[in-house]
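K.L.:
make a model of this:
(one chain, ligands or ions: 1)
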Amino acid sequence: MRIADFDLERYFARWEFASRYLLCASDVQGYPMGDLLALADDETRAMWTDLRLGYTESTGHPLLRAEIASLYATIESDEVLTFAGAEEGLFCLVNVLVGPGDHVIATWPGYQSLYEIARSVGADVTLYELREETGWSLDLDLLRRQVTPTTKLIVVNAPHNPTGMLPDRATYDGLVAIAAEAGVYLLVDEVYRGLEFDETDRLPAGADATSLGISLGVMSKSFAMAGLRIGWLASHDRELLARVAAFKDYTTICSSGPSEILAIIALRARVQVLARSRGIVLGNVALLDAFFARWSDAFEWVRPRAGSIGYPRLTVPGITIDDWAARLVEAEGVLILPASRFGDPSEHFRVGFGRVDLPVGLARLEAFAERTLR
Ligand SMILES: Cc1ncc(COP(=O)(O)O)c(C=O)c1O
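P.N.:
Numbers count the residues shown, from 1 in each chain. Next up, the predicted model:
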């Protein structure tokens, strides 16, 4: 196969470990291993200590699949498949589900794999654009117009990377209805689910919402454990999952045993784990709100409703975000992610607020803004 470079990952490859303050990371500050092990119950502590480092079950540890299933209202353990991160789940699913002649619709700007993998297998991809003017909301009329007789899959990421958009319930129900009426698969990338600022805004998962709904989840974001590389797909379509499982024989075959046990511990302690993440995110977003209020003459800020990232826009005439971001990282070691990395020619940039050093990074960014924007 041939696939275009993943622009965002190439940018991170250059800068992630070479800049001091990652003000655009999408994950929440990694959970400390010792703290996680302290949350183990008797069963998982014994599993950890007695673990043999052999191959694991390809579909995922049965207890892990059970814990993942319990995140959903209607999903059974055998309607869950685990992967090395959400990325592998997406790769396997799209390779199995679509091919030449199939039409795929995907939210944009967005995480590149959500549309690039479909392109790489020869599908015809339509980008479903979110716009700042409408608060990044899902435009259901636009989606209705985009669906064609060959549409096989609609991909929606909510809470959304990079805007922090979370549809309201009526809009989400409308989305589900459009997919169901058209008889197309609806993949909901829910890797930021659990980080709704107002918990009553949490939406039904895609896999629960409709029979052709597929949920994509991961330990990386809301659960703050990107290093585990444990992700999953959940769906009532067992026949589809069986085909995806067979595809996985050509990628990782099975998950890492230690990661599976650690993920079980974390999911059993999800209340504490998610509370920590929400605490970090909510504290940081308040600082960003205050910053953007002070700098409303230089930045436009549509406040996210969920997740750990947002997508402000630099509005100072004569200064491009690509140039400003490059000077910022050189001068202050603060990394932001310009829109161009999403293939978006606008002056937006992604800001991440899941890291505990955000106050320092933001202070440095503000000092730089004082020198360069006023
Ligand atoms: C929307 C979205 N989906 C999927 C992924 C992939 O998650 P992971 O890297 O943990 O596999 C990411 C990671 O940034 C993401 O933002």
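
K.L.:
flag every residue of the stretch 151-300 of the chain that's near the ligand.
P.N.:
For the stretch 151-300 of the chain, the residues in contact with the ligand (Cβ under 6 Å from any ligand atom) are 157, 161, 189, 191, 218, 220, 226, 231. Every residue, glycine included, has its C-beta placed from N, CA and C.

K.L.:
need those residues in JSON lines with secondary structure, pLDDT and neighbour count, can you?
P.N.:
Shown next, in JSON lines, are these (DSSP: H, G, I helix; E, B strand; the rest coil; pLDDT from 0 to 100; neighbours: other Cβ atoms under 10 Å):
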{"residue": "Asn157", "secondary structure": "strand", "pLDDT": "98", "neighbour count": "24"}
{"residue": "Asn161", "secondary structure": "coil", "pLDDT": "98", "neighbour count": "26"}
{"residue": "Asp189", "secondary structure": "strand", "pLDDT": "98", "neighbour count": "28"}
{"residue": "Val191", "secondary structure": "coil", "pLDDT": "98", "neighbour count": "28"}
{"residue": "Val218", "secondary structure": "strand", "pLDDT": "98", "neighbour count": "28"}
{"residue": "Ser220", "secondary structure": "coil", "pLDDT": "98", "neighbour count": "23"}
{"residue": "Ala226", "secondary structure": "helix", "pLDDT": "98", "neighbour count": "18"}
{"residue": "Gly231", "secondary structure": "strand", "pLDDT": "98", "neighbour count": "24"}
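
K.L.:
for these, which two are the farthest from each other?
P.N.:
Farthest-apart pair in those is Asn157 and Ala226; separation 16.8 Å (Cβ to Cβ).

K.L.:
what about the residue lying closest to Arg374 once chain neighbours are set aside, how many neighbours?
P.N.:
Leaving aside its sequence neighbours, Arg374 sits nearest to Ala298 (Cβ to Cβ, 6 or more residues apart in numbering; 7.7 Å). The local packing of Ala298 (other Cβ atoms under 10 Å) involves 17 other residues.

K.L.:
Ala298 touches Pro317, doesn't it?
P.N.:
No: judged on Cβ atoms under 8 Å, Ala298 makes no contact with Pro317 at a distance of 10.4 Å.

K.L.:
before we move on, back to that, can you pull the contacts of the residue nearest to Arg374?
P.N.:
Neighbouring residues of Ala298 by Cβ atoms under 8 Å, 6 or more residues apart in numbering: 314-316, 369, 373-374.

K.L.:
returning to that earlier point: mind putting the residues of the stretch 151-300 of the chain next to the ligand into a markdown table with distance to Gly60?
P.N.:
As requested, these are arranged in a markdown table below (distance: Cβ to Cβ, whole Å):
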| residue | distance to Gly60 |
| --- | --- |
| Asn157 | 23 |
| Asn161 | 24 |
| Asp189 | 19 |
| Val191 | 17 |
| Val218 | 13 |
| Ser220 | 16 |
| Ala226 | 18 |
| Gly231 | 10 |
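
K.L.:
and the one helix or strand Thr82 maps to, what does it pack against?
P.N.:
According to DSSP states H and E, Thr82 maps onto strand 80-83. If you count contacts as 3 or more Cβ pairs under 8 Å, 6 or more residues apart in numbering; DSSP states H and E, strand 80-83 packs onto helix 62-69, helix 85-97, strand 231-235, helix 238-248.

K.L.:
helices or strands next to the shortest one in the packing?
P.N.:
Counting contacts by 3+ Cβ pairs under 8 Å, 6+ apart, the secondary-structure elements packed against strand 231-235 are helix 62-69, strand 80-83, helix 85-97, strand 213-218, helix 238-248.

K.L.:
relative to the ligand, how far out is Ala84?
P.N.:
8 Å (Cβ to the nearest ligand atom, to the nearest Å).

K.L.:
report the contact partners of that residue.
P.N.:
229-231, 251-252, 255-256.

K.L.:
tell me the contacts of the nearest residue to Ala263 once chain neighbours are set aside?
P.N.:
For Ala263, the nearest residue in space outside its immediate sequence neighbours is Ile230; the separation is 4.4 Å by Cβ to Cβ, 6+ apart. By Cβ under 8 Å, 6+ apart, Ile230 lies in contact with 64, 82-85, 218-219, 255-256, 259-260, 263.

K.L.:
what does Asp344 give?
P.N.:
Contacts of Asp344 by Cβ under 8 Å, 6+ apart are Pro109.

K.L.:
do Gln29 as well
P.N.:
224, 280, 354-356.

K.L.:
any of those residues buried? List them.
P.N.:
Among those, those scoring as buried are 224, 280, 354-355 (criterion: 16 or more other Cβ atoms under 10 Å).

K.L.:
the helix or strand of the chain with the lowest mean pLDDT near the ligand at all?
P.N.:
One helix or strand of the chain scores below all others by mean pLDDT, DSSP states H and E: helix 7-15, with a mean of 90. No: shown here: helix 7-15 not in contact with the ligand (Cβ under 6 Å from any ligand atom), separated by at least 8.0 Å.
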